[in-house]
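Trainee: Fold the following.
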Amino acid sequence: MRTGDSIRGLPFSPHTFTARNDREPAYILALTYGGELMGDAQHELAALGPDTARRFAWDADPQATQARLLAAHLDASLLPVRELSRGSAVHPDRLETFLAGTDGPTAAEVESLATALRVSPRDLLPVSPDSPGGISLCRAAESASWHYPSQERADYSVRQLAGNRLHPYTRAVEIRPLRDRDATAITTHQHQYLYNVGDATATMAWENAGRQHDFQLRPGDSAYVRPFIPTSFTLDDPAEASSARLLALRIAGRVGTEARVALGSMHPGSLDRLLGENQQWY
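Mentor: Reported below is the predicted structural model:
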């Protein structure tokens, strides 16, 4: 790996790092977090034991995973194949090929099956892994880059870093501020960790609870930004843009898709009760 390369590794996979020589400085910035496996999920799997935990794991093959997804919803609903065929208008023989993993449903069939099973279409779609050997490597010289918020208004130069489809809400980007003032505020639903890996000092400005704040993010400084906090970055001297580099690592935390759907489907006005609830009420 060379300076600027990035990598996303497999959880719990033993790994090592070495320097190419002992004369030059070698630094690796690592962000480690539990993701979906830690906390309540880890505690429940530990209580159930390894044999049961292994049965929860999906296959690496997307078509085999899709077969297991469909079978799991049938088992959960005690729904025979012919009943699903009647509700979805998908022929039983066709359903059997899905369950055997020899063929996959079309987009229209996924919609029909989801309606019959009373689930979201995404609950029947597998995720295709794109990390051969458990590693996603993004070479700096080959990574995609663009101007944000647009090519016409280039407030920032953004470069994509390593990631994978298994973790769509984990994002890593390199941000280069290009303006000395009036830069567009950046907002994300993720928890954000910032580290100034460049040689230029950036001014970080943000708004919270109706108040404006700012501070100098000097080389080597780091910052954490809460979700949905509008944050902008500028340079005292735009000529330093070539040496300005902010590493932004973003994770979704515990408020994933299911939690966001649940928040949106709550009884009106009950959010404050949810946040203030301090005992089990069911």
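
Trainee: Could I get the contacting residues of S232?
Mentor: Shown here is S232, whose contacts under the criterion Cβ atoms under 8 Å, 6 or more residues apart in numbering are 155, 183-186, 204-206. Where you see a C-beta, it was placed from the backbone N, CA and C, and this is true even at glycine.

Trainee: filter those residues to the buried ones?
Mentor: The neighbour count (16 or more other Cβ atoms under 10 Å) marks 155, 183, 186, 204-206 as buried among these.

Trainee: And those, which is closest to S143?
Mentor: Lowest distance from S143 to the buried ones among the contacts of S232 (Cβ to Cβ) belongs to I186, with 19.0 Å.

Trainee: quick one on the thing from earlier: next, format the contacts of S232 as CSV and append distance to V81.
Mentor: Shown next, in CSV, are these (distance: Cβ to Cβ, whole Å):
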residue, distance to V81
D155, 55
A183, 57
T184, 53
A185, 53
I186, 49
M204, 57
A205, 59
W206, 55
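
Trainee: Among these, which lie within strands?
Mentor: 155, 204-206 (DSSP state E).

Trainee: Dump those residues into CSV; add distance to W58 and pLDDT as well.
Mentor: As requested, those are exported to CSV (distance: Cβ to Cβ, whole Å; pLDDT from 0 to 100):
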residue, distance to W58, pLDDT
D155, 41, 96
M204, 40, 97
A205, 43, 97
W206, 39, 96
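
Trainee: from those, which is closest to C138?
Mentor: For the ones in strands among the contacts of S232, the minimum distance to C138 (Cβ to Cβ) is 23.3 Å, reached by D155.

Trainee: Quick one: residues contacting that closest one.
Mentor: Contacts of D155 by Cβ under 8 Å, 6+ apart are 147-149, 177-179, 183-184, 232.

Trainee: What's the separation between it and E36?
Mentor: For D155, the distance to E36 (Cβ to Cβ, to the nearest Å) stands at 33 Å.

Trainee: Walk me through the domains of this structure.
Mentor: 61-124, 135-251 (automatic domain parsing).

Trainee: can you give me the helices in this structure?
Mentor: 40-48, 50-56, 62-77, 81-88, 92-100, 107-117, 257-264, 271-276 (DSSP state H).

Trainee: what is the mean pLDDT for the shortest one?
Mentor: In this model, helix 271-276 has an average pLDDT of 87.

Trainee: What of the third one?
Mentor: Averaging pLDDT along helix 62-77 gives 93.

Trainee: Which elements pack onto it?
Mentor: When contacts are defined as 3 or more Cβ pairs under 8 Å, 6 or more residues apart in numbering; DSSP states H and E, helix 62-77 packs onto helix 92-100, helix 107-117.

Trainee: Can you tell me the centre-most residue of this protein?
Mentor: In the chain, the C-alpha nearest the mean C-alpha coordinate belongs to Y169, at 1.7 Å (Cα atoms, centre = their mean).

Trainee: Excluding chain neighbours, what is closest to that one?
Mentor: Once flanking residues are discounted, Y169 sits nearest to A252: 3.6 Å by Cβ to Cβ, 6 or more residues apart in numbering.

Trainee: didn't the one you found look like it was pressed against R171?
Mentor: No. Checked against Cβ atoms under 8 Å, the pair A252 and R171 is beyond contact range at 9.3 Å.

Trainee: which neighbours do the two share?
Mentor: Q190.

Trainee: more neighbours, the two?
Mentor: A252 (21 against 17; other Cβ atoms under 10 Å).

Trainee: residues contacting that one?
Mentor: A252 makes contact with 169-170, 189-191, according to Cβ under 8 Å, 6+ apart.

Trainee: quick check, nearest of those to G256?
Mentor: Nearest to G256 out of the contacts of A252 is Y169 (Cβ to Cβ; 6.9 Å).

Trainee: gap between G210 and P230?
Mentor: 12 Å.

Trainee: Those two: which is more packed in?
Mentor: More neighbours surround P230 than the other of G210 and P230, with 14 against 5 (other Cβ under 10 Å).

Trainee: Skipping adjacent residues, who's closest to the more buried one in space?
Mentor: A185 (3.6 Å).
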